[in-house]
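Undergrad: Here you go, sequence then predicted model.
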2 protein chains.
Amino acid sequence: MYPSLQASIRRFVSLEEAEWALIAAAFHPKEVSAKEFLLRKGQVCRHIAFVESGLLRYYYLVGGKEMVGNFFFENSFVGDFGSFITGQPAVQFIDTLEDCRLLLASHSDWQQLYGRIPALERFGRLLAEGLFVHAQQRTASFLLDSPQQRYLNLLKNRPKVLQRVPQYMIASYLGITPEALSRIRRRLALEK
Amino acid sequence: MYPSLQASIRRFVSLEEAEWALIAAAFHPKEVSAKEFLLRKGQVCRHIAFVESGLLRYYYLVGGKEMVGNFFFENSFVGDFGSFITGQPAVQFIDTLEDCRLLLASHSDWQQLYGRIPALERFGRLLAEGLFVHAQQRTASFLLDSPQQRYLNLLKNRPKVLQRVPQYMIASYLGITPEALSRIRRRLALEK
DNA sequence: CGTTTGCTTGAATTCTGTCAAAGCAGGTGG
DNA sequence: CCACCTGCTTTGACAGAATTCAAGCAAACG
């Protein structure tokens, strides 16, 4: 059994040995080097992957411009959940920013696991709830905070992002242009 | 059994008679007239309610200004899911915009139902997944669309909101001031 | 009929987006 | 070892759009 995956699931539910074995059998390891696509717009997302190591992002492509929706670090699940759940074609791209070790499980793998491991249904619910709470907070930050405040929040809450992601992607994640972010950083530096 | 609640759950899972009875017993009807609070900032959200009829919203209060996070119409579940799930004090207010018929179920009611009705765990997962997908789309619209485009999207996708919600709340929901929305509407009217 | 509430308008300010250009690595190939 | 590319960040100038503050106006309501 993959220890980091097991630890992530254990945070929510406790399972028996036989159930862990089912899970281990459902996930397939895959190494992906940096700057490769996991999912392209228009494809249906058929796998949700667990990130053992590395870094990914999803982004929208509109009018030739990339708008970064989110980043996926180690010990999280990555995929276009919307497409995965609904079976509709993805509206976003997912690619790797660093070399990644992933554990893939297909839609049917997940459905089988849900069928065979009742407690996993609860894990899925708690995972989805957590994703929702996070997405709602992100929406709130667009309503409540200025771009500068959003940058400061990111600096405080997810400093890893600043360290491992180029600035123009961060700007896109914050909903502004690279130029605007550059000026915000200069303003902040001058104020101190 | 409350027919609209039953229909909403049936969209995701099918249950037995005895299970429907458990659900009917867990929910308690409550009439709330317009402009009353269901939840105030700082309180822990202990109930998730089903909206049989009426309209509610949740909003943040920052620097004396209300920022509307979302509206809840008939046949949806209302509550501060973040607070409900985590047990942390709510950061938002929930109040009624119209007279409402609600069906309340407390946190322990839900936990008991989850324990006694395994299929309901799946319903909870699918409900949370749906909420997440919606929240993600909303975030994307802040990244991708201008305020004018967000207004047009709202006009197309949720015209009910325009008909039943005062304009200054819509502006807040869109992340702009009432003045800005008024000017956007004038621009659109002139272009035609 | 006066007050409240919500919508609109105006003027000044601030900020972001856009376009263009310049600086600044880091890496490659000669 | 150096010149050159290439990708990323910074800077400048300008136009566009939203915010802020203030005031006017209409409809609803007691």
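TA: Happy to help now that I have it. These numbers come from a predicted model, not from an experiment.
Undergrad: Find the nearest non-adjacent residue to A:Leu143, please.
TA: The shortest distance from A:Leu143 to any non-neighbouring residue, by C-beta to C-beta, 6 or more residues apart in numbering or on different chains, is to B:Met67 (4.6 Å). Placement of C-beta: from N, CA and C, glycine included.
Undergrad: Tell me which other helices or strands the host helix or strand of the one you found touches.
TA: Secondary-structure element containing B:Met67, defined by DSSP states H and E: strand B:65-72. Using 3 or more C-beta pairs under 8 Å, 6 or more residues apart in numbering or on different chains; DSSP states H and E as the contact test, the elements touching strand B:65-72 are helix A:118-144, strand B:56-62, helix B:167-174.
Undergrad: Please identify the pairing partners of the helix or strand following it and their relative orientation?
TA: Sequence-wise, the next helix or strand downstream of strand B:65-72 (DSSP H and E) is strand B:77-78. Neighbouring strands of strand B:77-78 in its sheet, by DSSP bridges, are strand B:47-53 (antiparallel).
Undergrad: Pull the residues that contact the partner strand.
TA: For strand B:47-53, contacts defined as C-beta atoms under 8 Å, 6 or more residues apart in numbering or on different chains pick out B:2, B:4-5, B:8, B:27, B:29-30, B:38, B:72-79, B:81, B:84, B:99-107, B:110.
Undergrad: Distance from the chain centre to that strand, please.
TA: 9 Å (C-alpha atoms, centre = their mean, to the nearest Å).
Undergrad: do stretch A:156-174 as well
TA: Using C-alpha atoms, centre = their mean, the offset of stretch A:156-174 from its chain centre is 14 Å.
Undergrad: Now do it, average pLDDT.
TA: Stretch A:156-174 carries an average pLDDT of 93.
Undergrad: Now distance to B:Leu127 and mean neighbour count too, for the helices and strands packed on strand B:65-72, in a markdown table please.
TA: A markdown table is the format used below for the helices and strands packed on strand B:65-72 (distance: least, C-beta to C-beta, whole Å; neighbours: other C-beta atoms under 10 Å in any protein chain shown):
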| stretch | distance to B:Leu127 | mean neighbour count |
| --- | --- | --- |
| helix A:118-144 | 8 | 20 |
| strand B:56-62 | 17 | 19 |
| helix B:167-174 | 22 | 19 |
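Undergrad: between these, which one is nearest to DNA strand C?
TA: Comparison of the helices and strands packed on strand B:65-72 against DNA strand C by C-beta to the nearest atom of the strand identifies helix B:167-174 as nearest, at 3.1 Å.
Undergrad: measure the residue of chain A found nearest DNA strand C to DNA strand D for me?
TA: At 3.2 Å from DNA strand C, A:Ala180 is the closest residue in chain A, using C-beta to the nearest atom of the strand. The gap separating A:Ala180 from DNA strand D is 8 Å, by C-beta to the nearest atom of the strand, to the nearest Å.
Undergrad: In terms of helix, strand or coil, where does A:Gln111 fall?
TA: Here A:Gln111 takes the helix state, with states given by DSSP: H, G, I helix; E, B strand; the rest coil.
Undergrad: Mind telling me what element the residue of chain A closest to DNA strand C is part of?
TA: A:Ala180 belongs to helix A:178-191, assigned by DSSP H and E.
Undergrad: list the buried ones in that helix?
TA: A:Leu181, A:Ile184 (16 or more other C-beta atoms under 10 Å in any protein chain shown).
Undergrad: got the contact list for it?
TA: A:Pro147, A:Gln148, A:Tyr151, A:Leu152, A:Gln167, A:Tyr168, A:Ile170, A:Ala171, A:Ser172, A:Leu174, A:Ile176.
Undergrad: could you pick out which of these are near DNA strand C?
TA: Among the contacts of helix A:178-191, the ones lying near DNA strand C by C-beta under 7 Å from any atom of the strand are A:Pro147, A:Gln148, A:Ile176.
Undergrad: Check the spacing between the residue most central in space within chain A and DNA strand D real quick.
TA: Compute the mean C-alpha point of chain A, and by C-alpha atoms, centre = their mean the closest residue is A:Phe72, 3.4 Å away. A:Phe72 is 18 Å from DNA strand D, where distance means C-beta to the nearest atom of the strand.
Undergrad: Model confidence for A:Val68, exactly?
TA: On the pLDDT scale, A:Val68 gets 95.
Undergrad: Next, count neighbours for it.
TA: For A:Val68, the neighbour count with other C-beta atoms under 10 Å in any protein chain shown is 20.
Undergrad: Show me which residues of chain A sit near DNA strand D.
TA: Checking chain A against DNA strand D by C-beta under 7 Å from any atom of the strand, the hits are A:Pro166, A:Gln167, A:Tyr168, A:Pro178, A:Glu179, A:Leu181, A:Ser182, A:Arg183, A:Arg185, A:Arg186.
Undergrad: got a list of what the second one touches?
TA: In other words, A:Gln167. By C-beta under 8 Å, 6+ apart, the residues touching A:Gln167 are A:Pro178, A:Leu181, A:Ser182.
Undergrad: Based on its surroundings, how many neighbours for A:Pro159?
TA: By the criterion of other C-beta under 10 Å, A:Pro159 has 10 neighbours.
Undergrad: Next, it: phi, psi?
TA: phi -60, psi -30 (degrees, to the nearest 10).
Undergrad: With A:Ala18 instead?
TA: Main-chain torsions, A:Ala18, degrees, to the nearest 10: phi -60, psi -30.
Undergrad: could you measure it against B:Lys65, distance?
TA: 55 Å (C-beta to C-beta, to the nearest Å).
Undergrad: For the closest residue to A:Phe71 other than its chain neighbours, which residues count as its bridge partners?
TA: Closest residue in space to A:Phe71, ignoring its immediate chain neighbours: A:Arg57 at 4.9 Å, by C-beta to C-beta, 6+ apart. Bridge pairing for A:Arg57 (DSSP bridges) gives the partners A:Phe71, A:Asp95.
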